[in-house]
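> following is a predicted model, sequence given first.
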Amino acid sequence: MNTTADAIAAIKKELGRDLCIMGHHYQNDAVIAHCDISGDSLELARRVPHIDAAHIVLCGVYFMGESASLLAREGQTVHLPEPDADCLMSAMIPVRLARRVLEQLALTGRDIVPVAYANSSLAVKALTGEYGGAVCTSANAEIMLAWAFRRAEGVIFMPDKNLGHNIANRLGIPENERHVLRIDGRGLIEPASQPLDRKLLLWPGACSIHARFRPEFVEQARSRYPGCRIAAHPECRQEVIALCDAAGSTSFLIREAARVAESAPGSALVIGTEENLVRRLAERHRDKCDIFPLSHAICPEMSKVTEEKLLNVLEGIAGNRSEPLRVAGNLFEPARLSLTRMLEVCGK
């Protein structure tokens, strides 16, 4: 009986070099199995400009497809298996509100550069480019914040306050030099009452998955797995990261799992991030070490992408029926600028 996997394999063979399937690490195993390239946001962004295929299929959430469209070559098309897969964090920063806040900050007379996390909309990336800023990922946030501070006396980091706090700790920026902005639907709440002269201003957003990890989860893991090592993603609260042995991007966590498997066979590693990745790492290194999730954490948006939806979009491409993702013309250049600044600073 012909399975979904068989049908996908057949279309991949038919399209050959005209097709490249990319997938974020948080995708489920059934989808990842069909990907030609898998990675975190930074790795996927880095790889797009070097892809020769006519069609790129991005298995991930919507903003990742937008980023791929910005970096794709002329004539290439980018397709999403599930266009409704969004990032809840990116929804926490509507571009109209972000523009209003940047306008209010400009009225203070301070030179403030925006740095937008990759988990933001195309429109927010365009706004960031317009204001002289750049995009970052969790893998290069420290580099990009340092870059921004060389350009201006202040930085607004949008939208993940937890990542912002954790990177500030790495850069040695004290708590009294940071401020989480108080915002409502009209912009800054009573700007005169807020310490807008602080070095780092943080948008009050967070990842709904990583924010659910709490300090007691770390304590419970140490009790459950005596002698374990605990590593977590820096989108977790700084109170959680402070109790962990290590913290880093998705790519860092993958490397950390491989390192522990080789250097400490028989040991236990607990990882605080999206569970699809943790389970995949546990299976990959099961003969050398035990890997456990810090807590149950599945991203509902990433889960919207399924093997069946991947097949549907591939059938559409093969039959010239699939509608590629399109970027609004007025947003293209400033959004692309914010992305290319990141790639240039990080040496691609």
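Received, thanks. Numbers count the residues shown, from 1 in each chain.
> okay, how far is it across stretch 115-134, tip to tip?
Using Cα to Cα, to the nearest Å, one end of stretch 115-134 lies 5 Å from the other.
> and if you look at stretch 106-126?
17 Å.
> how about the helices of the stretch 1-150 of the chain, start to end?
For the stretch 1-150 of the chain, applying DSSP state H, counting those that start in this stretch gives helices covering 4-15, 29-32, 41-47, 62-71, 95-106, 122-130, 141-151.
> which strands and helices sit next to the third one?
With contacts defined as 3 or more Cβ pairs under 8 Å, 6 or more residues apart in numbering; DSSP states H and E, helix 41-47 has these neighbours: strand 19-24, strand 37-39, helix 62-71, helix 329-345. In this view, the C-beta of every residue, glycine as well, is placed from N, C-alpha and C.
> quick one: closest of these to Ala146.
helix 329-345 (9.2 Å; Cβ to Cβ).
> that closest one packs against which elements?
helix 41-47, helix 62-71, helix 122-130, strand 134-136, helix 141-151.
> could you redo those as TSV and give each row mean neighbour count?
TSV is the format used below for these (neighbours: other Cβ atoms under 10 Å):
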stretch	mean neighbour count
helix 41-47	22
helix 62-71	24
helix 122-130	25
strand 134-136	29
helix 141-151	18
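> adding distance to Asn312 and mean pLDDT, write these out as TSV.
Formatted as TSV, the helices and strands packed on helix 329-345 follow (distance: least, Cβ to Cβ, whole Å; pLDDT from 0 to 100):
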stretch	distance to Asn312	mean pLDDT
helix 41-47	21	87
helix 62-71	15	92
helix 122-130	24	97
strand 134-136	30	96
helix 141-151	35	96
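> in CSV: these, plus distance to Leu196.
Output for those, formatted as CSV (distance: least, Cβ to Cβ, whole Å):
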stretch, distance to Leu196
helix 41-47, 29
helix 62-71, 28
helix 122-130, 19
strand 134-136, 21
helix 141-151, 16
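> isn't Pro324 up against His79?
Yes: in this structure, Pro324 is within contact of His79 by Cβ atoms under 8 Å, at 5.6 Å.
> between the two, who's got more neighbours?
The residue with more neighbours, out of Pro324 and His79, is His79; 24 against 18, by other Cβ atoms under 10 Å.
> I figured Leu208 was touching Cys87, is that so?
To be clear, residue 208 is Ser; Leu isn't right here. No: using Cβ under 8 Å, Ser208 is not in contact with Cys87; the gap is 9.3 Å.
> out of these two, which sits in the busier spot?
Each of Ser208 and Cys87 has its neighbours counted (other Cβ under 10 Å); Cys87 has more, 23 against 17.
> isn't the more buried one right up against Gly60?
No: with contacts counted by Cβ under 8 Å, Cys87 stays clear of Gly60, the gap being 9.2 Å.
> out of the helices and strands packed on helix 41-47, nearest to Leu127?
Nearest of the helices and strands packed on helix 41-47 (Cβ to Cβ): helix 329-345, 7.4 Å.
> so how far is the closest one from its chain's centroid?
17 Å (Cα atoms, centre = their mean, to the nearest Å).
> coming back round to it: of the helices and strands packed on helix 329-345, give the one that comes closest to Leu97.
helix 122-130 (9.8 Å).
> and that closest one with helix 329-345, angle?
60 degrees (axes from the mean of the first three to the mean of the last three Cα atoms, to 10 degrees).
> helix 122-130 packs against which elements?
Using 3+ Cβ pairs under 8 Å, 6+ apart, helix 122-130 is in contact with helix 62-71, helix 95-106, strand 112-117, strand 134-136, helix 329-345.
> partners of the fourth one, with directions?
In the sheet, strand 134-136 lines up against strand 112-117 (parallel) (DSSP bridges).
> Provide the strand pairings for the helix or strand where Phe292 lies, with the direction of each partner.
With secondary structure defined by DSSP states H and E, Phe292 is part of strand 290-293. Partners of strand 290-293 in the sheet, by DSSP bridges, are strand 268-272 (parallel).
> pLDDT of the partner strand, averaged?
Average pLDDT, strand 268-272: 98.
> which elements pack onto the helix or strand following that strand?
Per DSSP H and E, the first helix or strand lying C-terminal to strand 268-272 is helix 275-284. Contacts defined by 3+ Cβ pairs under 8 Å, 6+ apart place helix 275-284 against helix 29-32, helix 250-263, strand 268-272, strand 290-293.
> counting neighbours, which bits of stretch 70-85 end up buried?
Residues of stretch 70-85 classed as buried by neighbour count (16 or more other Cβ atoms under 10 Å): Leu70, Leu71, Ala72, Gln76, Thr77, Val78, His79, Leu80, Pro81, Glu82, Ala85.
> show me the contacts for the first one.
Pointing back at Leu70 there. Leu122, Lys125, Val327, Phe332, Ala335, Arg336, Leu339 (Cβ atoms under 8 Å, 6 or more residues apart in numbering).
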